[in-house]
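S.K.: next come a sequence and a model predicted from it.
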Amino acid sequence: MITIIFSKDRAMQCRLCLETFYENVKEKETPVVVLYNCSNDRHNASYETLKKEFPKTKFVKENNFKNELLHLVENKTYVLFVVDDCIFCHPFSICECTDILRLSPLAIGFSLRLGTNTTNCYPVSQTQKVPDHMRISGNKMLFNWQTSEYDFKYPLEVSSSIYKVETIQKILVEGDYANPNTLEWLMANNLHMYSHKPLLLSYITSIAFCNPINKIQTSNNNRSGSNLQYSPDSLLTEFEKYGKISPIKFKEFISNGAHEEVEVNIVYS
C-alpha cells in the first residue's frame, strides 16, 4: 500500500493535507509520498521546508510524471491517490478500506470523498442524488456507480480514492499522461473498460473533501475560487512569513460535496 499526494506550487495546502491525513489515518506509519512540482525557486524552497516538517514523508520532485508514478506503484497492491487541496476530516483506516476492497471483486475502488452527505456537485453547481446503497461493516456503504449521477458516477479520480493497482494498471502503463489532471482525464475516459466492476465503496459520511480555493493547472477549466487572498502566490507569501492554515475548523467537518469552497484561517508561529 502506498499513498501518493500530488502537489504543485501549493506547499501551504499540502501541509494542511498532510497534517489532517496523519491526524485521521489509523495507520500512522503508512508509506506516504508527495510527488511535487514547482514553477520557481521560492516554491521549491517551500517544499524544502515541508521536508523538514514531515520527516517520515517521502518527497519526490517531479521530472517525468508518468515514469515516477509507475516507479512508485511498482510492486504495490493498493494505492491511495490524493491531491494537495484535499483535507481529511474524520478518522479512517486504510487497512479496513483495502480489506473490504479485497473482498469486493465487483468494486472498482474505495472513495474517501463520497458519502450520504455529498449532495452537491461543485464542478457543475448541481445537487446530486445519493444513490441507493447497501450499508456494510458499520460505517461504510456500497453502491452502483454506473446507475448514479455526477460525482457518484465518477469513480476513477485522483483526489482521495483507493484502488487496487492491478485495476488501473493498464491505464497507468499504456496511457499517455503528463500530470495528475491528464491522468484523471484519461481514467475518466476509459470507464468503458470497467463494466465488470459496477460497484463503488465509500464511508457513510465522507472522510475527506477538496477545498478548491485556487487553481494551479491550465489544462482544463475546472471551477475554483477566485479570492486573490488564496492565490498560490499569495499563500506562498504567507507561508514564507511562517503562516499556516489552521486545521481546527476541519476536525469533524462534514462537507456538502466532494468539493466545497471553505474559508481558511491562517495563523502564524
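M.R.: Cool, got the structure.
S.K.: what about the nearest residue to Leu201 once chain neighbours are set aside, which SS state?
M.R.: Once flanking residues are discounted, Leu201 sits nearest to Phe110: 4.2 Å by C-beta to C-beta, 6 or more residues apart in numbering. Where you see a C-beta, it was placed from the backbone N, CA and C, and this is true even at glycine. Using DSSP: H, G, I helix; E, B strand; the rest coil, the structure places Phe110 in strand.
S.K.: so Phe110 is in contact with Ser206, correct?
M.R.: No: Phe110 is beyond contact range of Ser206, at 11.8 Å (criterion: C-beta atoms under 8 Å).
S.K.: which one's more surrounded, the two?
M.R.: Neighbours were counted for Phe110 and for Ser206 using other C-beta atoms under 10 Å; Phe110 has more, 28 against 24.
S.K.: quick check: closest non-adjacent residue to Asn256.
M.R.: Asn120 (4.5 Å).
S.K.: pLDDT wise, what is the closest residue in space to Lys164 that isn't next to it in sequence at?
M.R.: Using C-beta to C-beta, 6+ apart and skipping residues adjacent in sequence, the residue nearest Lys164 is Tyr78, 5.9 Å away. Looking at Tyr78, its pLDDT is 98.
S.K.: which residues in the stretch 51-200 of the chain form helices?
M.R.: 65-73, 94-102, 165-174, 180-188 (DSSP state H, counting those that start in this stretch).
S.K.: who's in contact with the residue nearest to Leu201?
M.R.: For Phe110, the contact set (C-beta atoms under 8 Å, 6 or more residues apart in numbering) comprises 97-98, 100-101, 161-163, 200-202.
S.K.: give me the distance between Ala45 and Asn67.
M.R.: Ala45 sits 25 Å away from Asn67, taking C-beta to C-beta, to the nearest Å as the criterion.
S.K.: higher neighbour count, these two?
M.R.: For Ala45 versus Asn67, neighbours defined as other C-beta under 10 Å are more numerous around Ala45 (14 against 10).
S.K.: helices or strands next to the strand or helix carrying that one in the packing?
M.R.: Per DSSP states H and E, Ala45 falls inside helix 41-53. In terms of contacts (3 or more C-beta pairs under 8 Å, 6 or more residues apart in numbering; DSSP states H and E), helix 41-53 is packed against helix 11-24, strand 32-37, strand 58-61, helix 232-240.
S.K.: quick one: which of these is nearest Glu174?
M.R.: strand 32-37 (19.9 Å; C-beta to C-beta).
S.K.: still on that earlier bit, and the helices and strands packed on helix 41-53, which is most packed in?
M.R.: helix 11-24 (a mean of 22; mean count of other C-beta atoms under 10 Å).
S.K.: so what touches stretch 183-191?
M.R.: Contacts of stretch 183-191 (C-beta under 8 Å, 6+ apart): 65, 69, 154-158, 168, 171, 175-177, 219-220.
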